[in-house]
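1. next comes the sequence, and after it the predicted model I'd like to discuss.
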Amino acid sequence: DGKNDNWIITGLPENNNEMTIHVYNRDGQLMYESVGAYDHRPFNGTFIGNPLPKGVYYYKIDLKSVSKPLVGSITLLR
C-alpha cells in the first residue's frame, strides 16, 4: 500500500560523516548498512534486492563522538 515501507529516521545530524547505521537479523547477520551522513537510502526490508522474512531485526545507530550508540529493534511485517 506504500505506507510504512521504508524506515525513515528523523532527527539525525545531517552533517555527521562518521555515523553508521546497521540492521541485523536475529542471527547477527548484517542486513543493512549506511555509513556517513544519513544517505537517503532508508532500510526498506530487503537484502540484496530480496524481501526479508517478517520478524524482528535489531539496529545500531552509532553517532560516534556525538553520543552513545542507539540500539533497539524493528518488527518487519508483511
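-> Received the coordinates, thanks. Just so it is clear, the structure is predicted and the values come from calculations on it, not from any experiment.
2. how near is the closest residue to Y57 other than its chain neighbours to V56?
-> Spatial nearest neighbour of Y57, excluding adjacent residues (Cβ to Cβ, 6 or more residues apart in numbering): I74 at 4.8 Å. From N, CA and C alone the C-beta is placed, and that goes for glycine too. I74 sits 7 Å away from V56, going by Cβ to Cβ, to the nearest Å.
3. same question, L70
-> Between L70 and V56 the distance is 17 Å, computed by Cβ to Cβ.
4. more neighbours: which of these two?
-> Remark: of L70 and V56, L70 carries more neighbours, 13 against 10, as counted by other Cβ atoms under 10 Å.
5. what's near enough to touch that one?
-> Taking Cβ atoms under 8 Å, 6 or more residues apart in numbering, we find L70 in contact with Y59, K60, I61, D62, L63.
6. in PyMOL, how would I select the buried members of the residues you listed?
-> Listed next is the PyMOL selection for buried residues among these, using 16 or more other Cβ atoms under 10 Å:
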select buried, resi 59+61+63
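7. now flag whichever of the contacts of L70 is closest to V35.
-> Taking Cβ to Cβ as the measure, D62 is the one of these closest to V35, at 10.0 Å.
8. was I right about that closest one contacting M19?
-> Yes - using Cβ atoms under 8 Å, D62 makes contact with M19 at a distance of 6.2 Å.
9. relative to D5, how far out is G45?
-> Taken as Cβ to Cβ, the span from G45 to D5 is 7 Å.
10. neighbour-wise, which of these two wins?
-> Legend: neighbour count by other Cβ under 10 Å for G45 and D5, higher for G45 (21 against 10).
11. check contacts around the more buried one.
-> Shown in contact with G45 (Cβ under 8 Å, 6+ apart): D5, P51, L52, L76.
12. which secondary structure element contains the residue nearest to Y57?
-> In the assignment (DSSP states H and E), I74 maps to strand 70-76.
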